[in-house]
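>>> pasting the structure only:
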């Protein structure tokens, strides 16, 4: 076969490979995140009043859902039970953030942790009882059996060691605090990465979502105060700019709860 004939023979196969065989990353996005480029999970910790007074209404007006991690003994939980029931009925996820919110006081910068709430002094049995009692509380609010968990302060161990494996059967997934994008093939559902938000502008929050779109990733936001009520805070304006972007790009971005995202990841990984 001469050189010209050789190229004529090979070219159609090369063209087919370029068009169908060697796909760009964006070509796979429709198979990964419900037909969208990326998934976004908005999580809110500590059952703050601002979550009920501002965040839930702001999500609802845009047709978005969030995940709210409640510490059951906190005033914002026990004093607003009917409001949390309404939030659950609207389709927002009520997640488990323990009963008393213990954190490991042995770590640097944890002087604020009281002796009663020092996770380093807990036994694993103690934290399991606290977590499972919170599940009972949450079920009384929304009637749901399945839910997700958020490690308090990102801590995963008592004085006896890690309790990650001990709660694995209690939850579909557990959210951690490491700031990183979640790629669907290697997401660790026992410690899902999330970006802790404190003082970012709306532009900076949107930039993180755009990065997730480029990488066909799941991005989880970890909010505390939204317009106040916590030392870790984002302004209402910045938060609303993020929500406006998510609403305007619903065709490209799947904004969902941690529970629904985890179910989807589990199906994909299996």
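Right, received. Where do you want to start? A quick note: this is a predicted structure, and the numbers were derived from the prediction, not measured.
>>> can you give me the distance of residue 139 to residue 203?
Using Cβ to Cβ, to the nearest Å, residue 139 is found at 40 Å from residue 203. C-beta coordinates here come from the backbone N, C-alpha and C atoms, glycine included.
>>> mean confidence for stretch 89-103?
For stretch 89-103, the mean per-residue pLDDT is 98.
>>> repeat that for stretch 50-66.
The average of the pLDDT scores along stretch 50-66 is 98.
>>> now the end-to-end length of that stretch.
Using Cα to Cα, to the nearest Å, the end-to-end distance of stretch 50-66 comes out at 14 Å.
>>> now swap in stretch 96-105 and tell me
Stretch 96-105 has an end-to-end distance of 21 Å (Cα to Cα).
>>> need the helices for the stretch 51-200 of the chain, in chain order.
Using DSSP state H, counting those that start in this stretch, the helices of the stretch 51-200 of the chain run over 56-61, 75-78, 81-89, 124-142.
>>> adding distance to residue 267, write those out as TSV.
Shown next, in TSV, are these (distance: least, Cβ to Cβ, whole Å):
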stretch	distance to residue 267
helix 56-61	25
helix 75-78	31
helix 81-89	24
helix 124-142	23
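>>> quick check: which of the ones you listed is nearest to residue 151?
helix 124-142 (10.3 Å; Cβ to Cβ).
>>> for that closest one, what does the pLDDT average out to?
Mean pLDDT, helix 124-142: 98.
>>> again with stretch 253-266
98.
>>> which residues does it contact?
Contact with stretch 253-266 is made by 33-43, 64-67, 91-93, 95, 146-148, 172-173, 175, 184, 187, 189, 192, 209, 213, 218, 220, 246, as judged by Cβ atoms under 8 Å, 6 or more residues apart in numbering.
>>> for that stretch, buried residues please.
253-265 (16 or more other Cβ atoms under 10 Å).
>>> show me where pLDDT drops low in this protein?
Counting by pLDDT under 70, the chain has low-confidence residues at 1-30.
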